[in-house]
Structure formats: C-alpha cells, structure tokens
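> Give the three-dimensional model of this entry:
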Amino acid sequence: MPALSRSRPAPRHRVVVTGMGALTPLGATVKDTWAAVMNGESGITKLDTDWAADLPVKIAGILPTDPADVIGRVAARRLDRSQQIAVAASRAAWADAGAPPVEPERLAAVIGSGVGGAQTLLDQHDLLHTDGRSKVSPYTVPRLMPNGAAGAVSILMGARAGAHAPTSACASGAEALVWGSLLIAQGMADVVIAGGTDACIAPISVTAFDRIRALSRLNDEPERASRPFDQDRDGFVMAEGAGVVVLEREDHARARGARIHAVLAGSGVTADATSPTNPDIDGQVRAIHQALANADLRPRDIEHVNAHATGTPLGDCVEAQALARAIGTHPAITATKSYTGHLLGAAGAVEAIMTILAMQQGIVPRIRNLNHVDDRIDLDLVQEAHRATTPHAALSSSFGFGGHNVILALTRE
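Numbers count the residues shown, from 1 in each chain. So this is what the prediction gives:
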C-alpha cells in the first residue's frame with residue numbers, strides 16, 4: 001500500500017485591526033474613553049442604589065450612557081444589558097472599519113463574556129418570586145445565555161462564518177481576539193468582529209467578589225480606589241462595558257484601502273492548572289513566551305505593556321514577576337484599569353484598544369493613583385505623567401479566574 005502523502009499546511013494569513021469600538025465608564029466611544037484617560041479622569045463612582053447601602057463595597061464603574069439609547073429601545077428590549085453594550089460597540093467598530101465589503105459566509109463574530117446575561121437571570125428570578133410565572137420574559141433564555149452577545153452581534157451583522165463565545169472569566173475579551181485571529185489565519189473567515197462584554201453590577205456579584213477579598217473598599221474616595229501596583233492597593237473595582245475590534249485579513253484590508261490601526265502579530269494562551277483564583281507565575285510566563293514566538297518577536301522588541309494589573313495585592317505582584325522574568329524590566333508599563341475599573345470579560349478587548357492607541361498616538365498613559373510603588377515590583381512603571389514614546393511592538397495581558405492566561409502581541413503597521 002503506498003504511503004499517504006502529507007500536504008503542506010496552507011500559509012497563515014496576517015491579521016490586522018481595522019476598526020475599534022468601546023463603551024466604558026469613561027465614555028460611550030473609543031474617542032471619549034481615550035480623551036478621558038489623557039485628561040487623567042476616573043470612571044469610578046459611588047453606587048447610587050438602595051441595595052448598596054448595606055454592602056461593604058459601594059463603588060463601581062458604571063456606563064455614563066444607557067446602551068438602550070445607543071442601539072434603540074426596540075432592539076434593546078430583547079437583549080441583556082451586556083448584549084446591548086456588545087451590539088453598540090460592534091456597530092461602532094464596524095463603522096470605524098468603513099463597513100468592510102465581505103460575504104456573510106466569510107464574516108464571523110467572536111464575543112466573549114465572563115458572566116454572560118447574569119443580570120437577566122437575577123432580574124427574572126426576582127420577578128418569578130414577586131409577580132409570578134406569567135411575568136417572566138419570553139426572552140429570558142436568549143438574554144441569559146453566555147453566547148447571547150455573540151449571537152446578537154452575529155444576527156445584527158449577518159455573520160455566517162461562525163458565532164463564538166469564549167468564556168474565560170476576565171480573559172474572555174482578549175481570548176476572543178485570539179480566536180478571531182485564528183479563524184482568519186486558518187482561512188475560515190476574512191473579517192471577524194471580536195471583543196468582550198460584561199455588565200453585572202448587582203448585590204450578589206459585588207458580595208461574591210468581596211467575600212474572596214478581591215474588591216477595594218475605598219468607598220469614601222472612589223476615584224482613588226483602583227490603584228494597580230501601589231503599595232496600598234486593596235483590590236479591584238468592578239465595572240461594566242464592552243470593547244470590540246474588527247479583525248481583517250491583511251490583503252483583504254489593503255485591497256479595499258482600509259486604514260490599518262495595528263497588526264495582531266501573535267498571541268499566547270495557557271492555563272495554570274493550579275488554583276481557581278490564585279495566579280501562577282509560570283503560566284503567565286509561558287503565555288508571554290508563546291505570544292512572542294508566534295509574533296516572531298524577541299523580549300527586547302517589546303517597548304510597552306498594558307498590564308492586566310487589577311489592583312489586588314497578590315495578582316499585581318505575580319504579574320510583575322512574570323513580566324520581569326519573560327521580557328525584562330525595560331518596557332514602559334501602564335495599567336488602564338486605574339481609569340476604567342475592571343471590566344471583567346470586556347477588559348482584555350478594551351485594553352487591547354488602549355494599547356493600539358498608545359502606539360498610534362505615541363503616548364503611554366500614566367498609571368492613575370500610583371503614589372507609592374510596591375517595593376517588591378521592579379518594572380518601568382509610567383507613574384507621574386503620560387510618557388511620549390513610539391513603541392513599535394507592545395503586549396496586552398489578561399488573566400482570569402480558573403487559571404486563564406492570554407497575551408496579545410500587537411505591532412504598528
């Protein structure tokens with residue numbers, strides 16, 4: 001019997017970012033969010049709700065705009081708040097990309113979420129017990145599904161090449177960009193709408209995170225509460241929002257004369273397999289090395305990192321050690337959660353956008369509220385003022401409960 005011949009793998013397509021959209025506590029657009037960062041503003045405020053009165057945590061990052069006003073009340077009625085935000089950010093990213101001409105069968109959607117439509121589940125559970133079964137919305141199931149945002153975006157945009165929903169806690173948004181880029185690299189799609197979304201500022205979620213001592217309790221000074229790498233940090237601040245990018249096959253983008261924001265040059269995805277909540281240095285280092293190898297970059301090529309840095313005492317130290325071990329102490333490090341709070345499953349996508357803007361604008365934002373650097377951290381933290389620089393290659397890091405590690409390697413065109 002003749003030996004089977006092995007065909008060579010098809011060449012991988014280079015992936016570029018041609019559109020960006022975001023809704024964050026700092027603004028309803030990418031432009032507004034970046035302007036707020038440049039102005040040193042915080043998106044963290046006191047929770048103005050009755051249910052927060054008896055909780056030890058009374059602060060969060062809330063959107064300044066109702067997403068239902070952005071997408072329309074009729075469309076919003078069938079969607080969970082997290083899905084509304086994802087749809088709004090996707091529309092913005094698509095417009096920013098110039099509405100790429102692409103066949104529906106070559107367009108995919110990949111929208112990650114840490115908790116999906118948890119707010120719908122909570123609201124409808126309360127309705128069931130207070131008003132009875134007849135008051136439970138018939139849209140409850142599609143609104144609460146973890147893949148609901150991906151499905152909503154796919155339906156909105158007519159994306160038939162797949163609707164995928166990574167659910168890797170706070171690494172979900174970054175992982176969505178990874179899987180979106182792989183769809184393009186492997187020739188399964190030409191254009192992918194990719195990002196993350198989360199919106200569940202509720203009594204149970206705030207209480208649950210507080211019970212594991214993950215949240216800051218600096219209630220009297222909400223704007224100072226999110227303080228990554230500071231020696232007095234005491235946890236992260238929950239926030240809501242979405243970040244979405246349009247990923248495109250490079251030759252497809254160039255053929256239509258698209259503006260290219262950045263190249264998604266490579267990525268790393270690993271799992272700690274150690275603890276559901278405590279991060280592992282080795283897992284993070286492996287993800288960084290993987291991203292560098294996939295992007296054909298060396299540690300010295302990395303000039304900027306937007307760190308995951310949530311502001312937890314343990315997490316920031318572990319990440320600092322991982323960065324120092326994997327790439328050294330030379331890159332300019334920022335942590336934009338100091339402005340936005342922690343957007344959970346949306347964080348990685350929003351921070352990828354912030355990383356791209358830092359490269360585009362030639363400015364690395366200072367880390368807000370970094371008054372006294374933890375003396376265990378040996379990194380080039382951008383502390384007192386925004387730093388003028390023009391990084392060619394940068395990393396954006398995202399980690400999630402469950403031991404998820406995702407690193408995005410981005411380069412200028």
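
> quick one, strands of the stretch 301-413 of the chain?
304-306, 332-334, 363-364, 380-381, 387-388, 393-400, 404-411 (DSSP state E, counting those that start in this stretch).

> Just put those strands in JSON lines and tack on mean pLDDT and distance to Ile62.
The C-beta positions use only the backbone N, C-alpha and C, and glycine is treated the same way. Listed next are these as JSON lines, based on pLDDT from 0 to 100; distance: least, CB to CB, whole Å:
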{"stretch": "strand 304-306", "mean pLDDT": "99", "distance to Ile62": "22"}
{"stretch": "strand 332-334", "mean pLDDT": "99", "distance to Ile62": "23"}
{"stretch": "strand 363-364", "mean pLDDT": "98", "distance to Ile62": "26"}
{"stretch": "strand 380-381", "mean pLDDT": "98", "distance to Ile62": "28"}
{"stretch": "strand 387-388", "mean pLDDT": "98", "distance to Ile62": "29"}
{"stretch": "strand 393-400", "mean pLDDT": "99", "distance to Ile62": "22"}
{"stretch": "strand 404-411", "mean pLDDT": "99", "distance to Ile62": "26"}
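
> want to try CSV for those, with mean neighbour count and distance to Arg133 as columns?
Converted to CSV, the strands of the stretch 301-413 of the chain look like this (neighbours: other CB atoms under 10 Å; distance: least, CB to CB, whole Å):
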stretch, mean neighbour count, distance to Arg133
strand 304-306, 27, 47
strand 332-334, 26, 50
strand 363-364, 23, 54
strand 380-381, 19, 54
strand 387-388, 13, 58
strand 393-400, 28, 35
strand 404-411, 28, 37
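
> what's the closest non-adjacent residue to Ser137?
Once flanking residues are discounted, Ser137 sits nearest to Gln124: 6.2 Å by CB to CB, 6 or more residues apart in numbering.

> quick one, domains of the protein?
Domains of the chain are assigned by the TED database as 16-256, 266-411.

> can you pull the pLDDT of the nearest residue to Val178 once chain neighbours are set aside?
Computed as CB to CB, 6+ apart, the closest residue to Val178 that is not its neighbour in sequence is Ser267, at 4.4 Å. You'll see Ser267 listed with a pLDDT of 98.

> For Ser267, give its distance to Ser338.
24 Å (CB to CB, to the nearest Å).

> repeat for Ser154
Noted for Ser154: a distance of 34 Å to Ser338, by CB to CB.

> And the two? Which one has more around it.
When Ser154 and Ser338 are compared on other CB atoms under 10 Å, the one with more neighbours turns out to be Ser338, at 29 against 25.

> give me every residue that touches the more buried one.
Taking CB atoms under 8 Å, 6 or more residues apart in numbering, we find Ser338 in contact with 226-228, 309, 311, 367-370.

> picking up where we left off before, list the buried residues of the helix or strand harbouring the residue nearest to Val178.
Ser267 is part of strand 262-271 when elements are defined by DSSP states H and E. Neighbour-count burial for strand 262-271 flags 262-270 (criterion: 16 or more other CB atoms under 10 Å).

> C-terminal to the one helix or strand Ser154 maps to, what's the next element?
Assigned by DSSP H and E, Ser154 belongs to helix 148-157. Under the assignment DSSP H and E, the closest C-terminal helix or strand after helix 148-157 is strand 163-164.

> spatially speaking, which residue is in the middle of the chain?
For the chain, the residue nearest the mean C-alpha position is Gly348 (2.3 Å; CA atoms, centre = their mean).

> Would you mind listing where the protein has pLDDT under the threshold?
1-11 (pLDDT under 70).

> go again using 50 as the cut-off
1, 4-9 (pLDDT under 50).

> circling back: my read is that the residue nearest to Ser137 contacts Val136, right?
Yes - in this structure, Gln124 is within contact of Val136 by CB atoms under 8 Å, at 5.3 Å.

> the more surrounded of these two?
Gln124 (19 against 14).

> so who does that one touch?
136-137, 140, 144.

> same question, Ile260
Counting by CB under 8 Å, 6+ apart, Ile260 touches 16-18, 250, 253-254, 413.

> ok, it to Ala97 distance?
Applying CB to CB to Ile260 and Ala97 gives a distance of 10 Å.

> Perfect, I'm done here.
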